[in-house]
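> sequence and predicted model, in that order:
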Amino acid sequence: MLKRSVVALLLLTGVTVESCTTLVVGKAATVDGSVISSHSNDGAGDAIGNFRHVKAENWPAGSIRPPGIPQVNHTYAYHTEGYAAMNEFQVGLAESTCSSVYVGESTALLNIVDLSQIGLERGTTAETTITVMGNLAVQHGFYGWGGKPGSGESLLVTDPHTAYIFHVLPDSTGTSAIWAAQRVPDDHIGVVANTFTIRDMDLTSGMFLFSKNIQAEAALRGWNASLPLDFTLYFSDGEDGHKYYTGRRMWAAYKMLASKQNLSPDYGNFVQDKPYPATVKPDAKVDIQDLMRVMRYQYEGTPYDLTVGLAAGPFGTPSRWAGAPANVTGWWERAIGIYKTIVSYVTQSRSWLPNEIGGVVWFAPHAAHTSCYVPFPVGMDTIPIAYNSSTGTLDRTKAFWVHRILLNVAQIKYQYMIVDIKEMQAFSEGNSLSLQKELDATYLKNHDMGQVTAAFTQNANNIVKNFSQLSDTLIQHYPDGYCNGCGHGLPHVLGYPAWWLESVGYQNTTAADTLRTMNKCVDSCPEDSVGSYKACVKACL
C-alpha cells in the first residue's frame, strides 16, 4: 500500500518512472571552471512539470521523516522538480532510471525520490551527499519501479569542486542496497542514459565510493576477486526496451562533445561489449549552452536523424508518438531531445561565488527543443507562480502549458517553425546569461538577494509571456498550409517537398493506385539509410 501511495504522489508532483538522459562535466572541462550537469525527466504524457523551492527547516528531537526514518535536527534548502535538483551548498543531482538484476522487496523503504531529497537535505558536498544516500539505502532498503527495467537508479552528483556518477540498486535479498560512485576526472565529461555505466572499479584507487557489501554481492553474480569488478557487467539488466535505447544517446552526446574519441554507433550487447566509457575527455571546453544543445539533440546530420525521411513527414517533425497496433512490432530511434519530456534542467556550481548565487538550476518545462532554459539561483526562496503551479488543466499563464502548446503547434510545419523557436530560445537564453553576469556582480557589491530574486522572477515571467505569444504568432504566420508574413524568404504557397510527393505516389492517377504503389515501395525498400531509402522509393515509383 505504501509503494502504491508513493507512485500516486509521484504522478502529482511530476516525477515519473520513464526514461531520462543525464550529462556531467568536470570543472577543468568547462569554459569557466564550474561543475555542470543536465537531466531530463521524460514521462508518458500524464504528468505535469513544476519547479519548487523547499526551505531549510529545524526539527524537534525524535522527529520522523517520511517514509519512516529518523529526522535530523536541521535540513537544508533545495530546488526540486520532484527529483531534487540542487541545494543551498551548490550540491546538484541529475537522475536517470536504470535496469538492475535485483528487485526490492515490499519491506524496502526508500526510492530514488526519497534518496535525492534526503541527500540534498543533509549533504554539504558531493561526497557527503553520496554517503548519506548510500548508507540510508543499505540501512532501510531500496526499491525502484516496474520490475528489473526500473529497479536501479543513477544520480550524477556535483558540487563546486567535484562530480560523481552514483549508482544504486536493491541487494540480492531485496531488503537492502548495493551502491557505488565513480569520481569524474576534472577534465572529463560523462553520460548516463537509463543503463549503468560504471565499469572496472579499482577499489583502492580513491576514485570510487561504494557499499561494504559490493564485493560479496558481485561474487554472487560470478565475479572472481582476481578480476576487475565491472559494476555494469554484474549488476545491470541491460538496455530497457530495445537495443540502442541507451547506447545511441551515449554515442550521440559523445559525438557532439568528444568526437575525437571516434566512438562507433554500433555494438553487439551494451553490457557485454563495453562500447562506451563512463567518462571521456571532450574535444574542447564545455559551457552550459553546450549541454542545452545536447539536451535538444535529435541526431540531426547523422544516419539516425529524426527530422528526415518518410517517418518525419513532409515537414520534418522529429516526434515519433508512442504506441502501435499489437500485430506491428518495431521501434523508433530514441533521441535525447524528445516530445514527452516533462522537464529538463542544467545545474551550474561555481566555486568562486557565494553559494546563494553560485549554484544555479537552468530549468526548462516540457520538451527541451521547444522550451527555454531559465536560471533560478539556489538562493531564490520563491519560485515564480508560472513555474511552480501548473496543473492538468490547460493554462496559458503557466510555463509547462506554454511550452507544451508550442511543441504541438510546431507539428504543423516543424521545419519552418523550429527556426522561429530557435531564434526565440537564443534571444531569451542570451538575455538570461547577460542578466546572470550582471546580477552576479551586483550581489557581490550589495548582497541583496531580494533584488536578485526580483530580477530573475521578472526574467522568467517575460520568457513565459514571449513564448506564449510565439505559439499565436506561428499560427498566424503559417495558417492552412500558407506563409502569411512568415519571413525566411519563403513563398506564400508552401506546398510539399518533391521527394515526399513522389514517396506517397502523388503523380499516380488514382487514389487506389497511389495507395497500392506507396505500400509496395515502402515494403520493398530497405531502410538502411535515409539517402538510399529515398532513392529506392523514387526509383520504385
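Noted; the coordinates are in hand.
> and the closest residue to A29 other than its chain neighbours, how far from K260?
With C-beta to C-beta, 6 or more residues apart in numbering as the measure, D187 is the residue that lies nearest to A29, at 5.0 Å, once sequence neighbours are left out. No exception for glycine: its C-beta is placed from N, CA and C like everyone else's. Spatial separation of D187 from K260 under the definition C-beta to C-beta, to the nearest Å is 13 Å.
> higher neighbour count, the two?
Comparing D187 with K260 by neighbour count (other C-beta atoms under 10 Å), the higher total belongs to D187, at 16 against 11.
> correct me if wrong: that one contacts V280.
No: proximity of D187 to V280 does not meet the contact threshold set by C-beta atoms under 8 Å, at 10.0 Å.
> go through this protein and flag its longest helix.
Of all the segments assigned as helix in the chain under DSSP state H, the longest by residue count is helix 414-446.
> state the next helix or strand along the chain beyond that helix.
Where DSSP states H and E defines the elements, the next helix or strand beyond helix 414-446 is helix 449-477.
> the bottom helix or strand of this structure by mean pLDDT?
Lowest on mean pLDDT, DSSP states H and E among the helices and strands of the chain sits helix 2-13, with a mean of 43.
> quick check: buried residues in the very next helix or strand once past that one?
Per DSSP H and E, the first helix or strand lying C-terminal to helix 2-13 is strand 22-25. Within strand 22-25, the residues that qualify as buried are 22-25, counting by 16 or more other C-beta atoms under 10 Å.
> so where's this structure shaky on pLDDT?
Across the chain, the stretches falling below the confidence threshold (pLDDT under 70) are 1-18, 509-519, 522-523, 526-535, 537-541.
> spatially central residue in it, please.
Nearest residue to the geometric centre of the chain (C-alpha atoms, centre = their mean): S40, 1.9 Å.
> so what's that one closest to, chain neighbours aside?
According to C-beta to C-beta, 6+ apart, the nearest residue to S40 is S344 (4.0 Å).
> quick check: the one you found touching S38?
Yes: under the criterion of C-beta under 8 Å, S344 makes contact with S38 at 6.9 Å.
> show me the strands in the stretch 251-400 of the chain, by range?
279-280, 341-349, 360-365, 374-377 (DSSP state E, counting those that start in this stretch).
> quick check: A322 touching G43?
No: contact status for A322 versus G43: not in contact, 10.6 Å apart, counting by C-beta under 8 Å.
> who's more crowded, these two?
In this comparison of A322 against G43, neighbours counted by other C-beta under 10 Å, the higher total goes to G43 at 22 against 9.
> give me the neighbour count for G313.
Other residues near G313 number 15, with proximity taken as other C-beta under 10 Å.
> excluding its backbone neighbours, what's nearest it?
Distances taken as C-beta to C-beta, 6+ apart put W500 closest to G313, at 7.5 Å, once the chain neighbours are dropped.
> now the helix or strand hosting that neighbour: buried residues?
Here W500, judged by DSSP H and E, is contained in helix 498-503. Residues of helix 498-503 classed as buried by neighbour count (16+ other C-beta under 10 Å): 499-500, 502-503.
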